[in-house]
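This is the structure alone, sequence omitted:
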């Protein structure tokens with residue numbers, strides 16, 4: 001039910017239509033049952049002040065009845081009594097201040113009627129729609145604040161007419177388009193804040209004309225192009241915020257002319273090049289944020305001249321060189337971040353090198369120090385213990401060595417200490433650290449440990465976040481180990497027969513004294529016969545009571561040739577004239593025989609755009625090529641052979657994809673090989689079956705080793721964000737967990753090194769877990785019957801292939817009748833491939849499992865079988881059916897492709913070797929004759945199929 005308090009002013013119809021009848025105010029009420037709502041209505045007269053009309057229009061357009069405070073609005077009182085309105089002596093509106101007042105709706109263009117308006121503040125509301133360009137006619141406007149709304153559209157170029165405007169503040173909206181170059185005309189502008197919108201395009205160089213500008217904030221937009229060097233002309237600028245955009249190129253050195261600048265933020269852009277040393281001229285600068293870019297080169301020592309600096313953030317770039325000691329002159333600094341770019345990838349991680357300059361210990365006001373994820377080395381300087389106000393110290397993922405200086409235990413305000421990922425750090429954490437009231441202590445993956453006593457336990461339990469070890473991982477008594485790629489203290493990693501090893505003998509003193517290391521003799525036995533002796537002189541080496549696996553000087557070492565490393569191996573270690581390991585008898589060493597690892601490498605090329613340079617490079621490879629070093633070092637292999645196969649042409653760009661991997665499997669099956677097969681492609685990283693015998697990879701030794709690891713049943717180690725994780729991997733940071741040994745470079749590998757099955761290398765290595773699991777996989781395969789065709793005579797076979805796509809759906813590819821040895825599933829599984837004739841009789845029924853792919857393409861998997869043809873099959877095969885997890889797929893004679901196109905196999909006419917797999921052949925619009933002329937080489941036979949082979953194909 002609708003009603004009006006004064007129908008002479010505004011009557012209302014039964015349907016709720018309000019009509020203006022006369023000048024004045026009234027109230028319209030709507031009732032429904034017990035509920036009611038009242039709406040104030042004001043009807044101006046023809047002679048009403050246009051400013052009053054403009055304000056009424058604003059009230060109606062911006063949801064006035066719902067404002068937090070709308071006192072006196074729509075009343076006939078003076079406009080100066082309306083909430084948020086200021087008028088001059090003549091009653092003309094000069095200011096509107098309705099910030100944080102629950103305005104919603106739009107800003108009406110009628111606001112242009114407020115000709116005397118000097119200030120407009122509507123920030124912190126829910127206004128939407130576009131900014132009316134009519135506001136550009138408010139010639140007396142001095143400040144405009146529309147921030148914190150939901151305004152969209154562009155910034156009106158008409159704002160360039162507002163000659164008196166000093167503050168243009170429109171942050172945190174949804175504005176799009178470019179920044180109008182016309183804003184460069186606003187000579188009186190002191191504050192330009194467009195932060196947090198969706199502005200695009202380049203920053204207009206005309207903004208460099210704003211000589212009075214004090215703040216320029218355009219961060220968190222989508223601005224692109226280069227930073228205009230003309231900004232260096234803003235002589236009064238005190239704050240410049242350009243962060244979180246898409247600016248490219250270099251930081252203009254002209255910014256060094258901004259003598260009054262106090263705040264500089266250019267974080268989160270893809271900026272490149274070096275940090276301009278001219279920035280060291282900004283004497284008034286208190287905050288410099290340049291992090292999260294792609295800046296390179298050295299840190300300019302000139303930055304040490306910025307005496308007023310309190311925050312220096314250069315983190316997350318690709319800076320190199322050493323930390324300049326001049327930074328120690330920044331006596332007012334509170335935050336220093338020169339952390340590296342973080343995520344390591346296959347390209348490696350560049351970062352700062354050298355040692356921490358002891359001069360940083362002069363930064364006595366420093367509260368936060370971030371040096372993590374670089375390549376810093378050497379010892380941690382004891383001068384850092386002078387940073388009496390330090391609260392957070394991040395040194396993780398560098399190459400620091402030795403122990404932590406005891407002086408850090410005096411940092412009484414320290415709350416966070418991260419040292420993880422520094423494999424060279426070892427020893428007992430100084431007892432002074434138990435006086436620290438820490439919130440976080442991270443020491444995982446390094447050799448630092450805590451003494452196991454009640455005081456230390458109580459201290460550790462009071463720290464909310466810890467990842468540390470007690471000193472159980474250190475040796476306090478003499479021991480010996482034989483290591484190939486990796487080894488545990490108890491020798492639980494089997495050795496591979498015939499592969500060289502390193503003998504490491506740890507000799508501990510019986511007290512805390514440091515004494516010279518004795519001469520060591522190691523004797524090796526097979527069947528009670530001594531077969532090898534190693535003599536180890538240890539000049540200039542000493543023994544202590546606490547030994548660390550990462551200290552090469554703490555052990556007596558000797559290389560042991562692979563001929564000695566055979567099953568049944570035993571050894572005795574003589575320590576000087578009186579010591580012996582073991583005390584009696586001999587140490588048994590677990591050695592396992594591994595079969596030869598045969599790898600066939602197949603170059604793949606796109607027939608329409610062949611990269612014959614890649615093909616030529618692959619054909620020049622051998623087992624001694626550097627591309628196979630990572631595989632030979634990280635996999636449990638001794639005899640590693642490589643055969644280079646003839647190239648295979650395909651009808652698509654053969655990147656590392658499931659589609660390419662299927663063609664590798666097809667090639668292996670038709671070759672009748674039991675080898676591991678690796679397809680080499682131009683790009684795309686790598687992909688492999690897990691477990692399986694086929695991979696595809698770029699010509700990159702790290703990729704190649706990683707994918708072969710998948711063939712040996714390995715999932716991913718948890719570092720770098722991969723899918724298909726190895727669920728039982730014991731080290732949560734994806735590291736190798738224990739110290740390894742690199743025979744090729746004769747150096748120890750720190751326990752913090754990423755496992756080669758992670759996404760955090762190179763550099764990387766193999767963990768004890770990965771090495772043992774791959775040994776177990778190879779032993780299982782060695783004990784299984786071989787179903788591949790290398791042990792079967794070649795004959796007519798039905799080639800059937802298909803798989804499971806990234807969505808988990810099953811599919812079948814066209815089948816062929818070919819000359820190939822049988823290749824059948826070696827074990828039963830959840831998938832079933834059945835063939836039958838028109839009467840419903842089964843021709844064959846296979847049960848099998850599909851190997852997963854390692855990454856990137858969902859739950860995809862695949863299979864290729866060569867089923868031996870029986871004499872009664874030609875003409876009888878009517879349908880193929882694939883079923884299992886993921887559904888059902890079928891292929892029926894006469895209901896295959898109906899477009900006349902087919903899949904073609906290219907075979908060497910004389911050897912029968914597969915030389916190409918062409919999909920959708922011939923291409924649409926191409927004749928069969930023309931398609932034959934386009935083949936990559938002469939002498940090729942073409943076998944085609946659209947699904948079920950024709951009777952003539954048998």
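Nice, I can see it. Being a predicted model, the structure only gives us computed values, none of them experimental.

Report how many residues lie close to residue 121.
The number of residues packed near residue 121 is 20, by other CB atoms under 10 Å. All C-beta atoms are positioned from the backbone trio N, CA, C, and that covers glycine.

quick one, what contacts it?
Going by CB atoms under 8 Å, 6 or more residues apart in numbering, residue 121 touches 95-99, 143, 145.

what's the answer for residue 38, then?
By CB under 8 Å, 6+ apart, residue 38 lies in contact with 27-30.

now do residue 238
214-215, 260-263, 284.

ChimeraX command to pick out the buried ones of these?
Selection of buried members from those for ChimeraX, criterion 16 or more other CB atoms under 10 Å:
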select :214,215,261,262,263
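
how about JSON lines for the contacts of residue 238, with secondary structure and distance to residue 115 added?
Putting the contacts of residue 238 into JSON lines (DSSP: H, G, I helix; E, B strand; the rest coil; distance: CB to CB, whole Å) gives the following:
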{"residue": "214", "secondary structure": "coil", "distance to residue 115": "28"}
{"residue": "215", "secondary structure": "strand", "distance to residue 115": "28"}
{"residue": "260", "secondary structure": "coil", "distance to residue 115": "35"}
{"residue": "261", "secondary structure": "coil", "distance to residue 115": "37"}
{"residue": "262", "secondary structure": "coil", "distance to residue 115": "37"}
{"residue": "263", "secondary structure": "strand", "distance to residue 115": "36"}
{"residue": "284", "secondary structure": "coil", "distance to residue 115": "40"}
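
still on that earlier bit, just curious, which of the contacts of residue 121 is nearest to residue 556?
residue 145 (75.3 Å; CB to CB).

count of neighbours near that closest one?
Residue 145 has 20 neighbours, counted by other CB under 10 Å.

before we move on, what about residue 427?
When neighbours are counted by other CB under 10 Å, residue 427 registers 17.

go on, the one 10 residues further on?
For residue 437, the count of nearby residues is 11 (other CB under 10 Å).

Can you list the buried residues in stretch 169-178?
169-173, 175-176.

could the residues you listed be laid out in JSON lines, adding pLDDT?
Converted to JSON lines, those look like this (pLDDT from 0 to 100):
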{"residue": "169", "pLDDT": "98"}
{"residue": "170", "pLDDT": "98"}
{"residue": "171", "pLDDT": "97"}
{"residue": "172", "pLDDT": "97"}
{"residue": "173", "pLDDT": "97"}
{"residue": "175", "pLDDT": "98"}
{"residue": "176", "pLDDT": "98"}
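
Now go through these and say which are in strands.
169, 175 (DSSP state E).

Identify the farthest-apart pair in the buried residues of stretch 169-178.
Every pair of these checked by CB to CB; the farthest is 169 and 176, at 18.0 Å.

Could I get the full set of helices for the stretch 451-600 of the chain?
454-461 (DSSP state H, counting those that start in this stretch).

for the chain, same thing?
Listed from the start of the chain, the chain has helices (DSSP state H) covering 50-61, 454-461, 612-619, 629-634, 658-671, 701-711, 768-783, 928-933.

Buried residues of the longest one, list them for me.
Just to be clear, that refers to helix 768-783. Going by neighbour count (16+ other CB under 10 Å), the buried part of helix 768-783 is 768-775, 777-779, 781.

distance between that helix and the chain's centre?
30 Å (CA atoms, centre = their mean, to the nearest Å).

Which helix or strand in the protein has the lowest average pLDDT?
Within the chain, confidence by mean pLDDT, DSSP states H and E is lowest for helix 928-933 among all helices and strands, at a mean of 56.

Which of the helices of the chain sits closest to residue 752?
Closest to residue 752 of the helices of the chain is helix 768-783 (CB to CB; 14.3 Å).

okay, the angle between the closest one and helix 701-711?
For helix 768-783 against helix 701-711, the angle by axes from the mean of the first three to the mean of the last three CA atoms, to 10 degrees is 60 degrees.

tell me the mean pLDDT over helix 768-783?
In this model, helix 768-783 has a mean pLDDT of 92.

Which neighbouring elements make contact with it?
Here helix 768-783 touches no other helix or strand, going by 3 or more CB pairs under 8 Å, 6 or more residues apart in numbering; DSSP states H and E.

who touches that helix?
Outside helix 768-783, the residues within contact range by CB under 8 Å, 6+ apart are 485-488, 492-494, 496, 592, 594-595, 634-636, 691, 709, 712-714, 717, 726, 728-731, 736-738, 755-757.

Mark which of those residues are buried, thanks.
Buried by 16+ other CB under 10 Å: 485-487, 493-494, 496, 594, 634-636, 691, 709, 712-714, 717, 726, 729, 731, 736-738, 755-757, out of the contacts of helix 768-783.

Return the subset of these lying in strands.
Going by DSSP E, the strands hold residue 496 from the buried ones among the contacts of helix 768-783.

and residue 760, how many residues sit next to it?
25.
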